[in-house]
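A.B. asks: Next input, structure requested:
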Amino acid sequence: MGVGTLKRLALKLDARGGGDAAGYTKENLYASVDFRALAALRYIVRFSRRLGITSPLDPVISYPLGVNVITLGEAVNVYQALKDGYTYKTKFGEPQLFIEKICLHDGTVIFEDYLERERVVSERTRAGIEAILASVVKGGTGQQIGRDLKVPMGDKGGPELPLPAFGKTGTTNDYRNGAFLGFIAAPKGQNKGFDAASGYALGDYTGFDDNVSMLRKGFKGTGSSVAIPAWIMQARAVAEVDAFADRIDLLDLDIQSSGQAPMFNQEKYRKFTVSKRTGLPLPGADEKTLQGEAAYTEDLSDELAGDAESADAAAYTTILIREE
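C.D. replies: This is a model prediction of the structure:
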């Protein structure tokens, strides 16, 4: 039952003398699953506006599938907000600062602009989103980034260090376009690890100019196959321009022992074992988190066939979440 149906029902009841008692009340509306979904969609549209999207957005049920058309620039701005929790605007209302100042030969300023920021995502929520997007690179559709995105440690030709990255793939109907949106972490400073909030948001949207399908014999143009290779090249270029290698401590014991880039405030990251299917923490995996909550038991009956060990491997994964 939709909102329009509820309104018509309320009018009929009033016309028959039913009055407000049996008609259109907050309780009746809340009892409708459709109404709750529509209300949530309007919240999502409003939140999307706060994230910097100005393109037309329709609050339809298929909204999460990407039926609304936005620009690549808007999408990257959203990931910028997911990266550090803030949106940015110049004093003229633009989301990016291209020209900071124009001066005459004698130093007279004839134009000046600056950025102001507004927090739109709390730090706790941002850390959770960071963990979700990291899992895409670690074991999801972005695994190629986890394998291939590395930065040199010191001189070229020496050892390379995997660069922490976060993001999500996307593929449109009939494989007409593929995308990867995300961000990379940057070194916070000597012996301080890599920080996602200090990194860079990047986005790639690929396809043919005439929008024909990227489906060929033995090949499907997905976000993983066509967008990620370009995204990796861009991420490497950013790391080189910003001299990531010069800010990596070659003598860092954590790096030498693990071969992985330590994160900023590494001691605040906690490991959680979760179900791949539901995302819920598994009982006993983290007693502090599960304390006072109802026990959750993962049902493996519909997981991969085979022995228990292979089923467990398919059902469970670990994620790291930074806690403030």
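A.B. asks: Quick one: residues contacting the nearest residue to Gly142 once chain neighbours are set aside.
C.D. replies: Setting aside the residues directly before and after it, Gly142 is nearest to Val136 in space (C-beta to C-beta, 6 or more residues apart in numbering), at 4.5 Å. (C-beta placed from N, C-alpha, C; glycine too.) Residues near Val136 by C-beta atoms under 8 Å, 6 or more residues apart in numbering: 142, 166-169, 182.
A.B. asks: Any of those buried? List them.
C.D. replies: The neighbour count (16 or more other C-beta atoms under 10 Å) marks 142, 166-169, 182 as buried among the contacts of Val136.
A.B. asks: If you count neighbours, what's buried in the lengthiest strand in the chain?
C.D. replies: Identified as the longest strand of the chain according to DSSP state E is strand 193-207. By neighbour count with 16+ other C-beta under 10 Å, strand 193-207 contains the buried residues 193-197, 199-207.
A.B. asks: how about the contacts of Val136 in TSV, adding distance to Leu38 and pLDDT?
C.D. replies: Shown next, in TSV, are those (distance: C-beta to C-beta, whole Å; pLDDT from 0 to 100):
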residue	distance to Leu38	pLDDT
Gly142	32	92
Phe166	31	96
Gly167	30	96
Lys168	25	95
Thr169	29	94
Gly182	30	96
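A.B. asks: Kindly reformat those residues as JSON lines containing distance to Asp106 and secondary structure.
C.D. replies: Shown next, in JSON lines, are these (distance: C-beta to C-beta, whole Å; DSSP: H, G, I helix; E, B strand; the rest coil):
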{"residue": "Gly142", "distance to Asp106": "52", "secondary structure": "coil"}
{"residue": "Phe166", "distance to Asp106": "47", "secondary structure": "strand"}
{"residue": "Gly167", "distance to Asp106": "47", "secondary structure": "strand"}
{"residue": "Lys168", "distance to Asp106": "50", "secondary structure": "strand"}
{"residue": "Thr169", "distance to Asp106": "52", "secondary structure": "strand"}
{"residue": "Gly182", "distance to Asp106": "45", "secondary structure": "strand"}
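A.B. asks: which two in those residues are spaced the farthest apart?
C.D. replies: Spatial extent of the contacts of Val136 (C-beta to C-beta) is set by the pair Phe166 and Thr169 at 12.2 Å.
A.B. asks: now the stretch 101-250 of the chain, which segments are flagged as low pLDDT?
C.D. replies: Scanning the stretch 101-250 of the chain with the threshold set as pLDDT under 70 gives 154-158, 190, 250.
A.B. asks: ok, now with 80
C.D. replies: Low-confidence segments of the stretch 101-250 of the chain (pLDDT under 80): 153-159, 189-192, 248-250.
A.B. asks: the helices in the stretch 151-300 of the chain, which residues?
C.D. replies: 228-241, 253-258, 287-290 (DSSP state H, counting those that start in this stretch).
A.B. asks: circling back: so what does the residue nearest to Gly142 look like in phi/psi?
C.D. replies: Main-chain torsions, Val136, degrees, to the nearest 10: phi -60, psi -40.
A.B. asks: Next: Tyr114.
C.D. replies: Main-chain dihedrals, Tyr114, degrees, to the nearest 10: phi -160, psi 160.
A.B. asks: Could you pull up the residues touching the nearest residue to it once chain neighbours are set aside?
C.D. replies: Excluding the flanking residues, the one nearest Tyr114 by C-beta to C-beta, 6+ apart is Lys91, at 6.0 Å. Listed by C-beta under 8 Å, 6+ apart, the contact partners of Lys91 are 113-114, 116.
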